[in-house]
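Undergrad: Dropping the sequence and predicted coords here.
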Amino acid sequence: MPPPRHYAGASQPEIAENRPYAMAVDSMIRRHLPESRRRAILRTLAGSRMAIKSTIFKAELQLADLDRGHFSDYGLTLARHPSETDERMMIRLLAFILHASPTLIFGRGLYTDDEADLWDIDATGHVECWIDVGLPTERAIRRACNSARKVVVVSYGGRAADLWWRQNCAKLVTLSNLRVLSLGAGDSQVLARLAERNMHLECTVQEGVVWLGNERQQIELTPMVLFSASPR
């Protein structure tokens with residue numbers, strides 16, 4: 001049986017008809033507008049003639065997660081928006097690895113407030129697991145916790161991530177269905193160097209440690225659990 005296929009991004013990558021102008025507009029929006037307004041405008045642009053083309057990455061993943069007793073092969077497709085770094089894209093891939101299942105899928109990507117970066121939706125349409133990557137606001141996390149049975153945040157960003165946690169932890173630890181992981185700056189940078197347009201990866205997860213690599217290099221990652229309302 002062929003491995004399940006998972007697509008990260010829009011149903012079709014948007015094609016930029018005026019790429020330099022679109023990228024300039026995108027850069028201006030990101031520098032000068034608040035987060036909520038920026039996301040609204042970029043969602044509108046995503047469907048317009050000057051939408052920016054995503055870069056498509058493929059990953060063939062052989063996964064052995066001894067902690068969860070999950071062993072499977074996956075064929076993954078990730079659409080990386082020009083505003084997204086290799087680091088963030090690969091952390092999305094790591095989030096998939098840590099929570100992999102046949103029904104876990106990627107969201108449409110950046111600038112979609114109403115979707116997770118990854119989520120697991122059951123046959124009735126209920127969100128079993130909502131996963132966000134980065135430093136979401138406390139309000140966004142609370143909204144996700146009200147929408148899903150389980151919410152996971154995979155934070156990264158070095159000192160900025162540390163500050164984010166100090167500012168939000170008092171409120172976040174009151175949420176009964178939340179789990180917060182942190183990936184250190186060194187780990188996230190090493191992970192980013194595995195990014196290629198066509199990746200063939202093998203991964204083992206045991207006792208919270210992730211060994212991931214291809215035929216040329218192997219890396220070891222140790223995501224830290226900052227908070228978990230339940231054991232898993």
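TA: Right, received. Where do you want to start? Numbering: from 1, shown residues only.

Undergrad: In the protein, mark out all the strands, start to finish.
TA: For the chain, the strands defined by DSSP state E cover 5-8, 55-65, 70-80, 104-106, 118-121, 127-133, 148-156, 178-183, 198-206, 209-213, 218-221, 224-228.

Undergrad: what's the average pLDDT for the first one?
TA: Read it as strand 5-8. Across strand 5-8, pLDDT averages out at 52.

Undergrad: One more: the third one?
TA: The average pLDDT for strand 70-80 rounds to 96.

Undergrad: circling back: any chance of the strands of the chain in TSV with mean neighbour count and distance to Trp165 as columns?
TA: Where C-beta positions appear, they are placed from N, C-alpha and C, glycine not excepted. Output for the strands of the chain, formatted as TSV (neighbours: other Cβ atoms under 10 Å; distance: least, Cβ to Cβ, whole Å):
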stretch	mean neighbour count	distance to Trp165
strand 5-8	17	26
strand 55-65	17	26
strand 70-80	18	26
strand 104-106	20	25
strand 118-121	21	21
strand 127-133	21	14
strand 148-156	22	7
strand 178-183	22	7
strand 198-206	16	23
strand 209-213	17	21
strand 218-221	15	19
strand 224-228	13	6
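
Undergrad: which one of those has the lowest average pLDDT?
TA: If those are sorted by mean pLDDT, strand 5-8 sits at the bottom with a mean of 52.

Undergrad: and the strands of the chain as a markdown table, adding distance to Glu87?
TA: Below are these laid out as a markdown table (distance: least, Cβ to Cβ, whole Å):
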| stretch | distance to Glu87 |
| --- | --- |
| strand 5-8 | 15 |
| strand 55-65 | 13 |
| strand 70-80 | 11 |
| strand 104-106 | 16 |
| strand 118-121 | 16 |
| strand 127-133 | 10 |
| strand 148-156 | 7 |
| strand 178-183 | 10 |
| strand 198-206 | 15 |
| strand 209-213 | 14 |
| strand 218-221 | 13 |
| strand 224-228 | 17 |
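
Undergrad: quick one: contacts for the closest residue to Val210 other than its chain neighbours?
TA: Spatial nearest neighbour of Val210, chain neighbours left out: Leu221 (4.3 Å); criterion: Cβ to Cβ, 6 or more residues apart in numbering. Counting by Cβ atoms under 8 Å, 6 or more residues apart in numbering, Leu221 makes contact with Leu94, Leu183, Asp187, Val190, Leu191, Val209, Val210, Trp211, Leu212.
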